[in-house]
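Trainee: sequence and predicted structure below; questions after.
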Amino acid sequence: MDLKSFIERISNSLGISGCEQEVAGEITMAWEQIADEVRRDNLGNVIALKKGKNSHKPPLMLAAHQDEIGFLVRDIDKDGFISLDPIGGIDPRLLPGQEIKIWGREETLGVVGARPPHLQKPQDREKAIPLEKIFVDCGLKKEELEKKIRIGDAVTFHQKMGWLNENIGYGKALDDRAGVAALHQVLLELKDRTTPLDVAVVATVQEEVGIRGAITSSFALNPDLGLAVDVAFASRPGLEKEMTLNSNGGPGLEIGPHMHPGVLEKLKEVAGEKEIPIQLIGVPHPGGTDTYVMQMNRCGMATGLLSIPLANMHSPVEVIDIRDVRRTGRLMASFCLQADVEFVEGLKCL
Amino acid sequence: MLIKELTEVPGIAGREGQVRELIKEQLKGQDLALSGDAMGNFYARWEGGQTPLLMLASHMDEVGFMVMGYDNSGLIKFAPVGGIDLRVVPGKKVYLGDEKTPGVIGVKPIHMQKKAEQNRPFSRQDLLIDIGASSENEARKKVNIGDQITFSTTTEFISERVMKGKAFDDRAGCAAIIEILKSRPPVKLCGAFTVQEEVGLRGAGVAASNVGPALALVLEGTTASDVPESPPHRYSTTMGEGPALTIMDRSFLANQKLNQRVMELAEREGIKYQLRRTSIGGTDSGPIHLREEGIPTIGLSLPCRYIHSPASLLNMDDLQNMIDLVKTILQDIAEGGFPIGTTY
């Protein structure tokens, strides 16, 4: 499946943390066509293996998380209005007037109620509406609603991925389905090539609620070297320049405690050879991505982190440039083609 | 489906052209005399009987935004046209210009906000539209200053009878008038599709003078506040309980004799209706009833939840009941039962 079709399919799928079955199914189906084997582990991680020359050595691990932020149905009141519990960090100010989908026994559409300006006092508009006062309306009475949905059902924004132009796409869950798409690009690039080492490509679960899926998948694979790909803030007026990446500027290489200096040098070298633009960004605290737990797996792993610039993170209109996704995939694929036993051994700081 | 087509076209105040074209298309070949005026109001006149001339009025414009300028990063600055609570704006997809260029309204990500920022809504300066342009120059090639911006909501059923969409206020009224005209009622009637309601009830007065009717019926969308955070005694209307008859709003006090007859007819025919239980908001009834020497006017409104937001809800039974009630009134006028001309 080509990159654009793949990213659209997975962006539109359901996969809030702990509820990744649907998106995992889409990913598995696509990767079965281009990897040597695909399996799921007990937490739900999708692990695709691409065989290399030295299959007796630990594989290189490439990871991106497949879960997305969203909500659970918290309660249904006597008039059929639904309250929500958040999964992951969401700004409640994004909710009024939003269309949402409840993935119950039946997929049910609803809207987040917004009081019309006519019925407000002027000072009301100066206050943000907290999540406790936000409700979803599906146009159904409680009895009708309870035939379709129940407490605990997954809720996402009702957003179909679209394109602002040929390259710039918007949609929900592009954090980090854009990263999963970059992994897809790696598999496409490596389809008829042989890498020195096996490459294990992992779509991890439950990153948004505490980086959990990367723990068990790292344990199972026990790699010496791993790369994760996640998203980073695209530049925007009002944001500190040093903390952001430019769209269409290529992958960000995140320099910090979770980026092994040898991995960084290799990534820079490969990018130079392949003429792939990169952006260097300092990340003083090593949290918030799969590399955080990968690095501390078993007896330790050399890790590197690549970031795709993404605007409006954790909103229904996350924006990416597909060229950055493609470049990130190409850079990782080229890295995998060069990373041999000798290189990996050399990372062990002996 | 007519209501879907009518609500999905863009048409803020002063940019009603596409709505007008769609209505014109619907009404061609129906033995109606079609005309327009300099402000943009559109008229469809029907000679169906020897009654005094009646007018049905609904407005074509919707609330939306306008392109104000460009940030040098290529993002678009914009301002509301009509009454929109800026709190419904963040994170929405919109269309810019008549060609419907897609854009998304982004905000600072939650990770980069200070806790206190979340207690106040985003300001207009915080909200910018991304159209995928990477510089001001590129943005200028795609959209122009003054271009209209509307929400991009797809109109569709979310339950058996309830539709989700934008601009039900007042394209639902336009749809009702189209249906009524097509039913060839036994009266002399002019359907008036008005402009610029949302920015101060500006088109309807001109329409009333152009038509000069003996009686006007204004078909509107109104707030349905049968929702949480709104106590039942403060509900203005309730969705699913039929069209709401106006007694009073900010712009208009209804004629009691006319309202009395409307209620008698609804009860006689078993058509669901309710009384609009708030006096806020203005409608086209305001300017219309003050035109000429005063035009007797009836205001009927469809309850619409989350009006003026990108995702409002309309119960299709309410729309059907409004159409049935208006047809009943027209029939009564044709039969001479209605107190037309003797209102005081």
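Mentor: Arrived safely.
Trainee: show me where pLDDT drops low in chain B?
Mentor: Across chain B, the stretches falling below the confidence threshold (pLDDT under 70) are B:233-234, B:342-344.
Trainee: pick out the residue nearest the middle of it.
Mentor: B:D170 (1.5 Å; CA atoms, centre = their mean).
Trainee: A:S83 belongs to a strand?
Mentor: Yes - the assignment for A:S83 by DSSP: H, G, I helix; E, B strand; the rest coil puts it in a strand.
Trainee: stretch B:69-79 near chain A anywhere?
Mentor: Yes - counting by CB under 8 Å from any CB of the partner chain, chain A has neighbours in stretch B:69-79: B:D71, B:S73, B:L75. Just so you know, the C-beta spots here come from the backbone N, C-alpha and C atoms, and that holds for glycine as well.
Trainee: ok, and for that stretch, which residues are buried?
Mentor: Buried residues in stretch B:69-79, defined by neighbour count with 16 or more other CB atoms under 10 Å in any protein chain shown: B:Y70, B:D71, B:S73, B:G74, B:L75, B:I76, B:K77, B:F78.
Trainee: repeat for stretch B:85-96
Mentor: Per 16+ other CB under 10 Å, stretch B:85-96 contains these buried residues: B:D85, B:L86, B:R87, B:V88, B:V89, B:P90, B:G91, B:K92, B:K93, B:V94, B:Y95, B:L96.
Trainee: any figure for the gap between the third one and A:F71?
Mentor: This means B:R87. 18 Å (CB to CB, to the nearest Å).
Trainee: now do the contacts for the closest residue to A:L331 other than its chain neighbours.
Mentor: Spatial nearest neighbour of A:L331, excluding adjacent residues (CB to CB, 6 or more residues apart in numbering or on different chains): A:I276 at 5.0 Å. With contacts defined as CB atoms under 8 Å, 6 or more residues apart in numbering or on different chains, the neighbours of A:I276 are A:G250, A:P251, A:V270, A:R327, A:R330, A:L331, A:S334.
Trainee: quick one, domains of chain B?
Mentor: Per the record's domain assignment (automatic domain parsing), chain B is made up of the domains B:2-62+B:166-334, B:64-151.
Trainee: what strand or helix carries the residue nearest in space to the middle of chain A?
Mentor: Compute the mean C-alpha point of chain A, and by CA atoms, centre = their mean the closest residue is A:D176, 1.3 Å away. Here A:D176, judged by DSSP states H and E, is contained in helix A:174-189.
Trainee: could you say what helices and strands that helix packs with?
Mentor: Contact here means 3 or more CB pairs under 8 Å, 6 or more residues apart in numbering or on different chains; DSSP states H and E; on that basis helix A:174-189 packs against helix A:3-12, helix A:21-32, strand A:60-65, strand A:199-204, strand A:225-233, strand A:302-310, strand A:318-321, helix A:322-338.
Trainee: could I get the average pLDDT for the longest one?
Mentor: So the one you mean is helix A:322-338. Helix A:322-338 shows a mean pLDDT of 98 in the predicted model.
Trainee: show me how far that helix is from its chain's centre.
Mentor: Helix A:322-338 has its average C-alpha position 16 Å from the chain's average C-alpha position, going by CA atoms, centre = their mean, to the nearest Å.
Trainee: what residues of it count as buried?
Mentor: Neighbour-count burial for helix A:322-338, counted by 16+ other CB under 10 Å, picks out A:322-337.
Trainee: measure the residue nearest to A:L331 to A:H258 for me?
Mentor: Using CB to CB, A:I276 is found at 21 Å from A:H258.
Trainee: equivalent analysis for A:R326, please.
Mentor: With the distance defined as CB to CB, A:R326 ends up 24 Å from A:H258.
Trainee: next one: A:I151
Mentor: Distance from A:I151 to A:H258, counting by CB to CB: 38 Å.
Trainee: more neighbours: which of these two?
Mentor: Neighbours around A:I151 and A:H258, counted as other CB atoms under 10 Å in any protein chain shown, are more numerous at A:H258. The numbers are 24 against 13.
Trainee: helix, strand or coil for that one?
Mentor: For A:H258, the secondary structure call by three-state DSSP comes out as coil.
Trainee: what's the burial count for the closest residue to it other than its chain neighbours?
Mentor: Among residues not flanking A:H258 along the chain, A:P286 sits closest, at 3.8 Å (CB to CB, 6+ apart). Residues within reach of A:P286, counting by other CB under 10 Å, total 17.
Trainee: got a list of what A:P286 touches?
Mentor: A:P286 makes contact with A:G256, A:P257, A:H258, A:Y292, A:Q295, according to CB under 8 Å, 6+ apart.
Trainee: got a list of what the last one touches?
Mentor: The contact partners of A:Q295, taken as CB under 8 Å, 6+ apart, are A:G226, A:H258, A:P286, A:M301, A:A302, A:T303.
Trainee: pretty sure B:I271 contacts B:K327?
Mentor: No - with contacts counted by CB atoms under 8 Å, B:I271 stays clear of B:K327, the gap being 9.6 Å.
Trainee: residue 166: how many residues sit nearby?
Mentor: Reading this off chain A. Burial of A:E166 is recorded as 10 neighbouring residues (other CB under 10 Å).
Trainee: meant chain B, my bad for not saying
Mentor: Taking other CB under 10 Å as the neighbour definition, B:K166 ends up with a count of 26.
Trainee: understood, closing this out.
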